[in-house]
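1. Here is my input, please return the structure:
(2 chains)
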Protein chains: 2
Amino acid sequence: MCELLGLCANEPADIRFSFSGLKQRGGKTGIHKDGWGISLYEGKASRTFHDPESSATSEMAHFFQSTPIKSKIIISHIRQANRGRVCLENTHPFSRELWGCDWVFAHNGQLTGIKKTPLQFYRPIGTTDSEYAFCYMMDKIRGEFPRRPNSKKKLWSFIESTAREINQFGVFSFLLSDSRFMYAYCSNKMCWVTRQYPFGEARLVDTGEVIDFSTKLSKDEVVTVIASSALTDNEHWQCMEKGEFRVFNNGRSNRLS
Amino acid sequence: MCELLGLCANEPADIRFSFSGLKQRGGKTGIHKDGWGISLYEGKASRTFHDPESSATSEMAHFFQSTPIKSKIIISHIRQANRGRVCLENTHPFSRELWGCDWVFAHNGQLTGIKKTPLQFYRPIGTTDSEYAFCYMMDKIRGEFPRRPNSKKKLWSFIESTAREINQFGVFSFLLSDSRFMYAYCSNKMCWVTRQYPFGEARLVDTGEVIDFSTKLSKDEVVTVIASSALTDNEHWQCMEKGEFRVFNNGRSNRLS
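-> Sure thing, here's the model as predicted:
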């Protein structure tokens, strides 16, 4: 299994506090040592850092930790390989273009038999079941909506039903973004916390590091962090149920089902 | 106009010496201060660093300079914006997936009217004529070859003829890779140098830095560097002619036309 981390905010936000907790799980406090990646949107494009090295010791993770790159939508993943060898091709997040937007995807779980489903437009570059499932999902969305639909609810519902379909193959917890919205599907475990005024202190489970968000965020900022398991031990993380699908938009959560 | 830098080698090679010359042109010895990017292949996937900052002062360029990431195919670009604002979406290299391979593209030139040509499968994320031309080219290749053709010569010829077609719109010097081959088209200026045994010294035009490749490369290594203008002043760079198309493969050059 792997660990997911996502951020959705109404203003470009800094994920380094959360990431400094997550990256420990890539070889130090956790066993997810088979690569890591992070995608940060700027407009319709995303900037991705991929590294097949362990995040706890990766030089690139160290660089990322020392450089503030803010974004309204961020998806990160640390990997414990079970399907597909450890290499760049198999390192999440994966991305593809649709409607002139980068779509970014990271997955936690295993999907048995997904590779027998036919693909049409998108092909996997690596050998993971995760990237295959992403291509399958992108094919479905492209087939249903050759252009971005005016009704966002129609799009959200379609993504949810596709997630449920793919979930039949096994465990399909994922974070996905189309550059506007962040989609989260919980197959087994996923939780989230929204930070908004008045801000308090947060303490990382993995390092004990403490941050006082009241000195970091302005009154109008709303930041939601989504993770496979809680990253802090003194905030109220909301656990998603199995089979729950949520859309995050401008830092806030919307439950559809 | 912009500046291009490419590397094609028979073994994973280090581009930092060449890049340290190029990056000076992004704001110091040159005027190409509107962002930079570099893509390095590992197998069929590529790892890309994008930064809308000037390469001469970019922290990410500094990190890249301090970290050895070797690759057999590398494409880099520093930008002087003329079409499309300075932002991540408009920062080269651009990439798209075809046949389960990352294709990476960077362009030097301007193409007037290219945006009136119809697109089918691939859509630009940013607003540059460069990315539009890349999408147009990828559409053509995909239309002609739904699968990678067995005959590489057929593919090479088709890419060459598509390059000539797009060149009608203006200046279309580019570097392109499909993860196996590096394609270079010279619309105005482009040159290349092949380093092979016996190796000698090279001195960067932009910094005066000297490297002795006999201490860096092993006897069997063959490394070709391609650039908009010569990066060293004591090696024999071969100038491409206007309208010349070349394919580089395992460090060596093939001229088709």
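2. Look up phi and psi at the residue nearest to residue A:230 when sequence neighbours are not counted.
-> Nearest non-adjacent residue to residue A:230, counting by CB to CB, 6 or more residues apart in numbering or on different chains: residue A:237, 4.1 Å away. Using the backbone N, CA and C atoms, a C-beta is placed for each residue, glycine as well. Main-chain torsions, residue A:237, degrees, to the nearest 10: phi -80, psi 130.
3. what number of residues lie near residue A:237?
-> When neighbours are defined as other CB atoms under 10 Å in any protein chain shown, residue A:237 has 18 of them.
4. now residue A:167
-> The burial count for residue A:167: 21, using other CB under 10 Å.
5. do the same with residue A:107
-> Here the number of neighbours of residue A:107 (other CB under 10 Å) works out to 28.
6. quick one, what contacts residue A:206?
-> With contact set as CB atoms under 8 Å, 6 or more residues apart in numbering or on different chains, residue A:206 has these partners: A:21, A:22, A:24, A:25, A:28, A:29, A:30, A:231.
7. did I read that right, it in a strand?
-> No: according to DSSP: H, G, I helix; E, B strand; the rest coil, residue A:206 belongs to no strand; its state is coil.
8. Report the mean per-residue pLDDT for the host helix or strand of residue A:225.
-> In this structure, residue A:225 sits in strand A:223-227 according to DSSP states H and E. Across strand A:223-227, the average pLDDT comes to 96.
9. and it, what does it pack onto?
-> The contact analysis (3 or more CB pairs under 8 Å, 6 or more residues apart in numbering or on different chains; DSSP states H and E) places strand A:223-227 against strand A:3-13, helix A:16-22, strand A:191-195.
10. still on that earlier bit, among the contacts of residue A:206, which one lies nearest to chain B?
-> For those, the residue nearest chain B by CB to the nearest CB is residue A:22; the value is 20.0 Å.
11. Phi, psi for the closest residue to residue A:144 other than its chain neighbours please.
-> Excluding the flanking residues, the one nearest residue A:144 by CB to CB, 6+ apart is residue A:158, at 5.5 Å. When read as degrees, to the nearest 10, the backbone of residue A:158 gives phi -70, psi -40.
12. give the contact list for residue A:158.
-> By CB under 8 Å, 6+ apart, the residues touching residue A:158 are A:140, A:141, A:144, A:145.
13. Tell me which of those fall in helices.
-> In helices, defined here by DSSP state H, the members of the contacts of residue A:158 are A:140, A:141, A:144.
14. Compute the distance between the closest residue to residue A:191 other than its chain neighbours and chain B, please.
-> Closest residue to residue A:191 apart from its sequence neighbours, by CB to CB, 6+ apart: residue A:237 at 4.3 Å. Between residue A:237 and chain B the computed distance is 31 Å (CB to the nearest CB, to the nearest Å).
15. mind listing what residue A:237 touches?
-> A:191, A:192, A:193, A:227, A:230.
16. same question, residue A:218
-> With CB under 8 Å, 6+ apart, residue A:218 has these contacts: residue A:11.
17. Need the phi and psi values for residue A:59.
-> According to degrees, to the nearest 10, residue A:59 has phi -70, psi -30.
18. and residue A:89, how many neighbours does it have?
-> Neighbours of residue A:89 (other CB under 10 Å): 24.
19. Got the confidence number for it?
-> 92.
20. Same question for residue A:41.
-> pLDDT, residue A:41: 97.
21. Within the helices and strands, which one has it?
-> Counting by DSSP H and E, residue A:41 is found in strand A:36-42.
22. The very next helix or strand once past that strand near chain B at all?
-> Downstream of strand A:36-42, the next assigned helix or strand under DSSP H and E is strand A:45-51. Yes: legend: contact between strand A:45-51 and chain B by CB under 8 Å from any CB of the partner chain is shown at A:45, A:46, A:47, A:48, A:50.
23. Return the member of those nearest to chain B.
-> Set against chain B, the nearest of those by CB to the nearest CB is residue A:45 (4.1 Å).
24. Show me the beta-bridge partners of that closest one.
-> Listed beta-bridge partners, residue A:45: residue A:42 (assigned using DSSP bridges).
25. which residues does the residue of the stretch 101-250 of chain A found nearest chain B contact?
-> For the stretch 101-250 of chain A, the residue closest to chain B is residue A:123, as judged by CB to the nearest CB, at 3.9 Å. By CB under 8 Å, 6+ apart, the contact set of residue A:123 is A:135, B:97, B:98, B:99, B:100.
26. got it, and residue A:15?
-> Residue A:15 neighbours (CB under 8 Å, 6+ apart): A:5, A:7, A:38, A:40, A:71, A:74, A:76, A:225.
27. From what I see, the first one and residue A:19 are in contact.
-> Spelled out, that is residue A:5. Yes: look at residue A:5 against residue A:19 with CB atoms under 8 Å: they come within range, at 6.8 Å.
28. which residues do the two both contact?
-> residue A:76.
29. Neighbour count: the two, which is higher?
-> Shown here are residue A:5 and residue A:19; by other CB under 10 Å, residue A:5 has more neighbours (25 against 22).
30. Could you measure from that one over to chain B?
-> On the measure of CB to the nearest CB, residue A:5 and chain B end up 20 Å apart.
31. In the stretch 101-250 of chain A, what residue spans correspond to helices?
-> A:129-144, A:152-167 (DSSP state H, counting those that start in this stretch).
32. closest to residue A:211 out of these?
-> With CB to CB, the closest approach to residue A:211 among the helices of the stretch 101-250 of chain A belongs to helix A:129-144: 31.1 Å.
33. How about the residues of chain A by chain B?
-> Counting by CB under 8 Å from any CB, the residues of chain A near chain B are A:42-48, A:50, A:52, A:59-60, A:63, A:67, A:87-89, A:91, A:96-102, A:121-126.
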